[in-house]
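Q: sequence and predicted structure are below.
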Amino acid sequence: MPETPALAPAVRTNLVRLLRAAYPHPSFPDGPYERTADHILGQLDESLWHRIALTSGLESLDASAQRSRGTAFADLDDDAALALLRGIADAEFFAFIRGVTVVTLYNDHEVWDLLGYEGESYSKGGYLHRGFDDLDWLPSPRVEEYDGPERLVEVAPDDVPATTSTTGGR
Amino acid sequence: MAESIPELGNPIAHDEEVVVIVGSGAGGGTVAYELSQRGIPCVVLEAGPWLKPEDYENDEWAAFNQMAWLDNRTASGPYRVATDFPNLPAWIVKAVGGSTTHWSGATPRFRDYEFRTRSHYGVVEGANLLDWPITLADLAPYYDRAEKAIGSTHRHGRPALPANNNYKVFANGAEKVGYKFYATGPYGTNAEPYDGRPASIQDGFNFQGDKSTAKWSTAVREVPRAIATGRCELRPSSQAVQVTHDARGRADAVLYLDAEGNLHRQAAKVVCVAGNSIESPRLLLMSASSLHPDGLANSSGQVGRNYMRHTTGSVYARFDQPVRMYRGETMAGIIADEARLDTSRGFAGGYYMETLSLGPAFLAAFVEPGSWGPEFTEVMAAYESTAGLWIVGEDLPQESNRVTLNPALQDQWGLPAPDVHFEDHPNDVAMREHGYGRADMLYEAVGALGTHHTPPYPATHNLGTCRMSERPEDGVVDQWGQAHDVPGLYVSDGSVMTTGAAANPTLTIVALAIRQAEHIAEQLGTGA
Ligand SMILES: Cc1cc2nc3c(=O)[nH]c(=O)nc-3n(C[C@H](O)[C@H](O)[C@H](O)COP(=O)(O)OP(=O)(O)OC[C@H]3O[C@@H](n4cnc5c(N)ncnc54)[C@H](O)[C@@H]3O)c2cc1C
């Protein structure tokens, strides 16, 4: 393959901005978005078509930001960036970005921390002694099967076939 | 004796006529164990590798990429999976142990009426209903044996698992809306040490291989024990590509590819196909011959048809306090109150509700595929305070829901890839809507701030594509799972299910496999 020219720095800046607008988590720092952007950009080497679509897609976002707001896409506020993205929701490059983001951003261990997910626990002895049942805002429920007087009616009386008599609750 | 047996079992000659079992999951692993215990030689051909507990990944995507069946497949038809996951109609494992390595463990039995849906539901337009050729009474003794093999909690003296966080929300909600028939099981993971395996450490990874081995799978029980008899050889990374028959029409061998793509032939006295409900019909369709021009065992035209995937849906509820649903056993919570026949609810058949939890990685991919923007991040941001449940109910068999060979796509070996065509029956839609509504009530009763209705995932329960029938013209196999039109050919997995019932299928697959193995042993004259 011939050398492909390096991507302009604006591509990454715009992509990070796009990710923040499309997947807004005010509590997240830039790190997870930047890592996701880098992962997306890393995949462009494998597909010339995605590279072309993504570069021109981001350029077109810049162009429409300039047209409608007189500013670069990266400088739009959240609402304006989101509105612009809603307008191109079906564009192929945006679908590609979303497809990678959804499996990358939320697979980022810093994001797991931010969302309160602790992941693998086997090496620490599981959650058995680390809070698997620490929810305390509801009473402790029964874990055994019901053994009271009621019976589960497996077949409602109206649904018992006329020809058989062997059905119903057991 | 055990010391001298090689890891994959005593070798069996390729020209020795043995029982050849295709697939080592719930069905195949069980048949291998039951037959080899009786001294009957078996060869198990398994397309995937033999991964051990120390190899299992406790990370959602890593585990999925390690073990899921990712060979080319297509999904078609109007169901959403075909749009969102066009190459992933099902989540099935390709490894020794099959999908029992990734299963979670819910083990309810089928109900009596569920073996006779044609009699109970009558003629339902668009549905290809049929009564099973067997009844609950026929299967009951085998259910007992299957529950003991799996070690189901709440059964045969096995204690209940404790309540984890997700269950606490689920069970309190159930109680508030008046449900009675809820519990933490029956569930195929040890609450206390049993059968040489330890008690659960509540590590939260069930849809992945269980590193602790507290969870039953054929990879930790049936397959190694079959090998230990000295009568079973396991051949991993060996994919069956054709079942052949002799001039009289009796199954006589299986052709398979090794990891390098070399073709081998294993002679067979009996062939048991247990590749799960997409690969089993695919293998039969690829085994067409002059005697069986439309595919082996397909005189009825029913091979690949009546594909069922259960009527499913998930509900994720947000609270103002932490839940941490991911801690502990994923599916150790079952409500059975809706698992009954009462057409006044607007649909035939019933459904269970079961606790369910995904990590952020899978939740993001599956909670609302394709969704983005603030409505999506609101769901994700609430992760720590989210509780989840799964609706799993009977879907109706339809002839047009079907596994076929896709002429336009091949797998890595150049063989036609399977296409899975599916459309919900209106009864399925009505049941799912009812389930969503009940789940909302349940969670609102314990203070949910909001709920999200998640559409069905790629199918984990795949059933019905080689169904059992009394009459040869109605189905593919008889009550023992033997093909109506090919002596010596058995189907030993969930594809034999005439109808799917509400219950998760594995306990029933294992019970049917134990019953089938007993029958095969009798036929071979070795006694039961
Ligand atoms: C995430 C998840 C959770 C689940 N939870 C539950 C649950 O709680 N309760 C329940 O009852 N069920 C559950 N299931 C479903 C359960 O795993 C399956 O119903 C069961 O394992 C099916 O058994 P089987 O023998 O039909 O197929 P499998 O167990 O899938 O085994 C089929 C095997 O055949 C192999 N194979 C296929 N084709 C070939 C070929 N041509 N040559 C050689 N080998 C081949 C495959 O590699 C595989 O190993 C779950 C499944 C998943 C994925």
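A: In hand now; what should we look at?
Q: switch to C-alpha atoms for all contacts and neighbour counts from now on
A: Fine.
Q: ok and the residue in chain A nearest chain B?
A: A:Gly126 (3.9 Å; Cα to the nearest Cα).
Q: quick one: low-confidence ranges for chain A?
A: A:1-5, A:164-170 (pLDDT under 70).
Q: now do chain B
A: Checking chain B against pLDDT under 70 turns up B:1-3, B:526-528.
Q: for it, what spans make up the helices?
A: B:26-37, B:60-67, B:80-84, B:117-121, B:136-150, B:165-176, B:222-228, B:276-286, B:360-366, B:374-381, B:426-444, B:506-523 (DSSP state H).
Q: the strands in the stretch 1-150 of chain B, which residues?
A: For the stretch 1-150 of chain B, strands defined by DSSP state E, counting those that start in this stretch occupy the ranges B:18-22, B:42-45, B:74-76.
Q: angle of the longest one against helix B:26-37?
A: Just to be clear, that refers to strand B:18-22. 160 degrees (axes from the mean of the first three to the mean of the last three Cα atoms, to 10 degrees).
Q: any figure for the gap between the most centrally placed residue in chain A and A:Thr36?
A: Computing the C-alpha centroid of chain A and ranking residues by Cα atoms, centre = their mean puts A:Val102 first, at 3.9 Å. Per Cα to Cα, to the nearest Å, A:Val102 is found 9 Å from A:Thr36.
Q: now do the same contact list for the residue in the stretch 401-528 of chain B that chain A sits nearest to.
A: Here the stretch 401-528 of chain B gets closest to chain A at one residue, B:Val446, 8.3 Å apart by Cα to the nearest Cα. Contacts for B:Val446 (Cα atoms under 8 Å, 6 or more residues apart in numbering or on different chains) come out as B:Val169, B:Asn172, B:Gly173, B:Lys176.
Q: now, which of these lie close to the ligand?
A: Checked against the ligand using Cα under 6 Å from any ligand atom, the contacts of B:Val446 yield no neighbours at all.
Q: neighbour-wise, which of the residues you listed leads?
A: In terms of neighbour count, B:Val169 stands highest of the contacts of B:Val446 at 31 neighbours, by other Cα atoms under 10 Å in any protein chain shown.
Q: right, and that residue touches B:Thr386 too?
A: No. In this structure, B:Val169 is not within contact of B:Thr386 by Cα atoms under 8 Å, at 9.8 Å.
Q: any common contacting residues for those two?
A: Joint contacts of B:Val169 and B:Thr386 (Cα under 8 Å, 6+ apart) are B:Val323.
Q: B:Met353 contacts B:Gly388, doesn't it?
A: No. Using Cα under 8 Å as the test, B:Met353 is too far from B:Gly388 to be in contact (10.1 Å).
Q: who does the longest helix seen in chain A touch, helix- and strand-wise?
A: In chain A, with assignment by DSSP H, the single longest helix is helix A:48-69. The helices and strands touching helix A:48-69, judged by 3 or more Cα pairs under 8 Å, 6 or more residues apart in numbering or on different chains; DSSP states H and E, are helix A:9-22, helix A:92-104.
Q: to the ligand, which of these lies closest?
A: Across the helices and strands packed on helix A:48-69, the ligand has its closest neighbour in helix A:92-104 (17.6 Å, Cα to the nearest ligand atom).
Q: need the residues that contact the closest one.
A: A:36, A:39-40, A:50, A:53-54, A:57, A:88-89, B:361-362, B:364-365, B:370, B:372.
Q: which one of the residues you listed is nearest the ligand?
A: Nearest to the ligand among these, with distances taken as Cα to the nearest ligand atom, is B:Phe362, at 11.3 Å.
Q: and the gap between the residue lying closest to that closest one once chain neighbours are set aside and B:Asn206?
A: Distance criterion Cα to Cα, 6 or more residues apart in numbering or on different chains; nearest residue to B:Phe362, sequence neighbours excluded, is B:Glu60 at 6.7 Å. According to Cα to Cα, B:Glu60 and B:Asn206 sit 10 Å apart.
Q: quick one: neighbours of whatever residue of the stretch 351-500 of chain B ends up closest to the ligand, just the number.
A: Relative to the ligand, the nearest point of the stretch 351-500 of chain B is B:Asp493 (3.9 Å; Cα to the nearest ligand atom). Applying other Cα under 10 Å, we find 33 residues neighbouring B:Asp493.
Q: list the contacts of it.
A: Contacts of B:Asp493 by Cα under 8 Å, 6+ apart are B:Ala26, B:Gly27, B:Gly28, B:Val273, B:Ala274, B:Gly275, B:Asn276, B:Ser277, B:Ile509, B:Ala513.
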